[in-house]
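K.L.:
below are the sequence and a predicted model for it; my questions follow.
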Amino acid sequence: MKPFLILQLRPEDEVSDNEFESFLKFGGLSKKDVHRIRMERDGLYDVNLDDYSGVLVGGGPFNVSDTADIKTDVQQDFDAKLVKLLGEICEKDFPYLGACYGIGILSKSLKGIISKEKYSEDAGGVTIKLTEDGKKDPLLLRLPEEFRAFGGHKEACQSVPKGAILLASSIACPVQMIKVKENIYGAQFHTELDTVGIEFRVRAYKNHGYFPPENAEKLIEECCKETVEVPMEILRRFVQRYRRE
């Protein structure tokens with residue numbers, strides 16, 4: 001099988017490793033099935049899409065909508081290179097699944113509006129509802145029309161980017177999942193995040209403005225009561241659908 005390219009941007013080693021292991025576990029992948037790049041550490045070099053089955057992009061503490069004076073030089077570099085790569089992905093309709101930052105940078109590549117103006121969500125569980133288009137999509141077919149997922153973000157798509165269709169929404173954030181052409185997906189919620197992973201992230205990012213830091217333990221307790229399964233099934237289906245020799 002051609003490997004899946006996993007692009008990450010979490011500076012904290014423990015959190016990055018947990019996210020990577022979650023991609024493997026819930027995607028039904030082994031380490032030999034993937035090529036991992038930590039963009040925040042190693043940058044993003046030229047990628048030949050013909051070498052891969054698909055591209056997976058995770059989230060992190062960086063915001064696509066931050067101004068240049070806030071972004072580090074490293075982020076500015078991988079932002080620009082990923083937008084360029086997404087241009088090629090969209091041109092070829094190459095399999096892509098990006099979560100959180102991954103939907104933001106996809107939206108940016110489509111010249112959509114992503115900002116902190118509206119639609120942020122506190123860290124924790126959120127109810128996702130499929131649209132009529134979502135119910136018919138091959139990746140989401142016969143999944144529950146409503147399901148729980150983990151999210152938490154300061155910025156969001158302010159509208160559905162031109163050229164995309166809306167697959168899922170939530171009360172607080174209207175654009176929760178989009179599709180471009182036939183094979184390109186972006187999700188505001190996390191498709192790889194379970195209760196173990198969110199505990200890692202709550203502890204790592206409790207001083208990053210996603211929630212009051214004094215609420216961290218209570219938030220972990222609440223998250224551990226959640227039943228979150230459908231997002232991982234979406235990730236598994238994506239991998240199964242786009243595996244190629």
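P.N.:
In hand now; what should we look at? Numbering: from 1, shown residues only.
K.L.:
any idea which element His20 lies in?
P.N.:
Just so we're on the same page, residue 20 is Phe rather than His. Per DSSP states H and E, Phe20 falls inside helix 13-27.
K.L.:
contacts for whichever helix or strand comes after that helix?
P.N.:
Downstream of helix 13-27, the first helix or strand assigned by DSSP H and E is strand 34-38. Contact partners of strand 34-38, identified using Cβ atoms under 8 Å, 6 or more residues apart in numbering, comprise 3-10, 16, 20, 23-24, 44-45, 51-52. Glycine gets a C-beta too; all of them are placed from N, C-alpha and C.
K.L.:
please repeat the previous calculation with a cut-off of 6 Å.
P.N.:
Pro3, Phe4, Leu5, Ile6, Leu7, Gln8 (Cβ atoms under 6 Å, 6 or more residues apart in numbering).
K.L.:
would you mind identifying the next helix or strand past it?
P.N.:
Counting by DSSP H and E, what follows strand 34-38 is helix 39-42.
K.L.:
and which of the contacts of strand 34-38 is nearest to Val175?
P.N.:
Nearest to Val175 among the contacts of strand 34-38: Leu7, at 21.1 Å, using Cβ to Cβ.
K.L.:
leaving out sequence neighbours, find the closest residue to that closest one.
P.N.:
Once flanking residues are discounted, Leu7 sits nearest to Val57: 4.7 Å by Cβ to Cβ, 6 or more residues apart in numbering.
K.L.:
got the contact list for that neighbour?
P.N.:
Leu7, Gly98, Gly102.
K.L.:
for it, grab phi and psi.
P.N.:
phi -120, psi 130 (degrees, to the nearest 10).
K.L.:
could you do Ala168 as well?
P.N.:
Main-chain dihedrals, Ala168, degrees, to the nearest 10: phi -150, psi 150.
K.L.:
show me what contacts it?
P.N.:
Residues near Ala168 by Cβ under 6 Å, 6+ apart: Ile128, Leu130, Gly134, Gln176, Met177.
K.L.:
so the residue lying farthest from the centre of the chain: helix, strand or coil?
P.N.:
Distance from the C-alpha centroid of the chain peaks at Glu214, with 26.5 Å (Cα atoms, centre = their mean). Glu214 falls in the helix class when you classify it by DSSP: H, G, I helix; E, B strand; the rest coil.
K.L.:
before we move on, back to that, who's the residue nearest to Leu7 bridged to?
P.N.:
Leu7, Gly98 (DSSP bridges).
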